[in-house]
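Chemist: any chance you could fold what I've pasted below:
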Amino acid sequence: MNDKVAPLLKPRSDLGIRTLSSVAMMSVAIIAIWLGGYVFMGLVIAVGLGVFYEFTKLVLGFTHSRQARILWLLGGLAYVGLACFTLILFSAPFFGMTPAILLIAGVIGTDVGAYFAGRSIGGAKIAPRISPSKTWSGLFGGMIGAGLMMVFMQAGIYAFRSGEAGDGDVYLAYGWFRLLLTGGALAVVAQMGDFFESGMKRRAGVKDSGRLIPGHGGLFDRTDGLIAVAFAAGVIMVFQTVAGS
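Modeler: The predicted structure follows:
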């Protein structure tokens, strides 16, 4: 009887661990965003170092020459480093945390929208050899979720700062339609980041990038979409700076 009961209890136990880990991660992130400044900067740097460590382990697992490893590690340093720099820059006083919050909210909206759309609709897989669970319906759901989450967060930020929650111009700091389009593009980039990390794990022959977060794997597993989005935002910012100079 115990042999029959144990398999039934294991998923529930995993769900509890995953839930507690999610609550802990969200609590830390919310506190860091609320406090801002050096606290948020410290969290970004700490997570960035952890992600790069896991990135390095994956690279060592599938590269076999010194040259390949150097190229991958330099690329990873640029990838993770620019993403972290962008998040820190977007949290600077002259930005007021708004861009950083919108990026994070967009990635969360992507995950939520993709999860519910993928589970309820299902359908064709995007790249089954890389990530068997990702579907086109999940991608479109993520695009909608990201756009709506960014509009919602921008409305809340604007209302909180102006003290006029009923103002008809509550979405106009960035424009609600522009935020919806940005959210859709953000979701696509986040999905590309997920595929990139999944491809690295598949080449290295591992399921997770690490074991730091119980029930969730490693830091890279949890931030692959955010890293990709922040990196893309940083690249756009660099090109705009070069073009404007």
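
Chemist: check contacts around D111.
Modeler: Neighbouring residues of D111 by CB atoms under 8 Å, 6 or more residues apart in numbering: G142, G145, A190, G225. Placement of C-beta: from N, CA and C, glycine included.

Chemist: so where does it fall, helix or strand?
Modeler: Per DSSP states H and E: D111 is located in helix 98-120.

Chemist: return the set of buried residues in the next helix-or-strand element following that helix.
Modeler: Sequence-wise, the next helix or strand downstream of helix 98-120 (DSSP H and E) is helix 136-162. Across helix 136-162, burial judged by 16 or more other CB atoms under 10 Å covers 137-151, 153-155, 157-158.

Chemist: correct me, but T98 touches I157?
Modeler: Yes. In terms of CB atoms under 8 Å, T98 counts as a neighbour of I157; the distance is 5.8 Å.

Chemist: so the helix holding D111 versus helix 136-162, what angle?
Modeler: 150 degrees (axes from the mean of the first three to the mean of the last three CA atoms, to 10 degrees).

Chemist: pull the CA atoms of helix 98-120 into PDB?
Modeler: The C-alpha coordinates for helix 98-120 follow below in PDB (Å, rounded to 0.1, in the frame of the first residue of the first chain):
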ATOM      1  CA  THR A  98       9.300  52.400 -13.800                       C
ATOM      2  CA  PRO A  99      11.100  50.800 -16.800                       C
ATOM      3  CA  ALA A 100      12.600  48.100 -14.600                       C
ATOM      4  CA  ILE A 101       9.200  47.300 -13.100                       C
ATOM      5  CA  LEU A 102       7.600  47.200 -16.500                       C
ATOM      6  CA  LEU A 103      10.200  44.800 -17.800                       C
ATOM      7  CA  ILE A 104       9.800  42.500 -14.800                       C
ATOM      8  CA  ALA A 105       6.000  42.700 -15.000                       C
ATOM      9  CA  GLY A 106       6.000  41.900 -18.700                       C
ATOM     10  CA  VAL A 107       8.000  38.800 -18.200                       C
ATOM     11  CA  ILE A 108       5.700  37.700 -15.300                       C
ATOM     12  CA  GLY A 109       2.700  38.400 -17.600                       C
ATOM     13  CA  THR A 110       4.400  36.300 -20.300                       C
ATOM     14  CA  ASP A 111       4.800  33.300 -18.000                       C
ATOM     15  CA  VAL A 112       1.300  33.500 -16.600                       C
ATOM     16  CA  GLY A 113      -0.400  34.000 -20.000                       C
ATOM     17  CA  ALA A 114       1.700  31.300 -21.700                       C
ATOM     18  CA  TYR A 115       0.900  28.800 -18.900                       C
ATOM     19  CA  PHE A 116      -2.900  29.300 -18.900                       C
ATOM     20  CA  ALA A 117      -3.100  29.400 -22.700                       C
ATOM     21  CA  GLY A 118      -0.800  26.400 -23.200                       C
ATOM     22  CA  ARG A 119      -2.700  24.300 -20.600                       C
ATOM     23  CA  SER A 120      -6.200  25.300 -21.700                       C
END
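
Chemist: give the buried residues for it.
Modeler: For helix 98-120, the neighbour count (16+ other CB under 10 Å) marks 98-114, 117-118 as buried.

Chemist: which two from the contacts of D111 end up farthest apart in space?
Modeler: Farthest pair in the contacts of D111 (CB to CB) is G145 and G225. Separation: 12.1 Å.

Chemist: joint contacts of the two?
Modeler: Residues touching both G145 and G225 (CB under 8 Å, 6+ apart) are T110, D111.

Chemist: could you pull out the helices for this protein?
Modeler: 2-35, 37-62, 66-90, 98-120, 136-162, 176-204, 219-244 (DSSP state H).

Chemist: rebuild those helices as a markdown table, extending it with mean pLDDT.
Modeler: Compiled in a markdown table, those are given as follows (pLDDT from 0 to 100):
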| stretch | mean pLDDT |
| --- | --- |
| helix 2-35 | 62 |
| helix 37-62 | 95 |
| helix 66-90 | 96 |
| helix 98-120 | 88 |
| helix 136-162 | 86 |
| helix 176-204 | 93 |
| helix 219-244 | 92 |
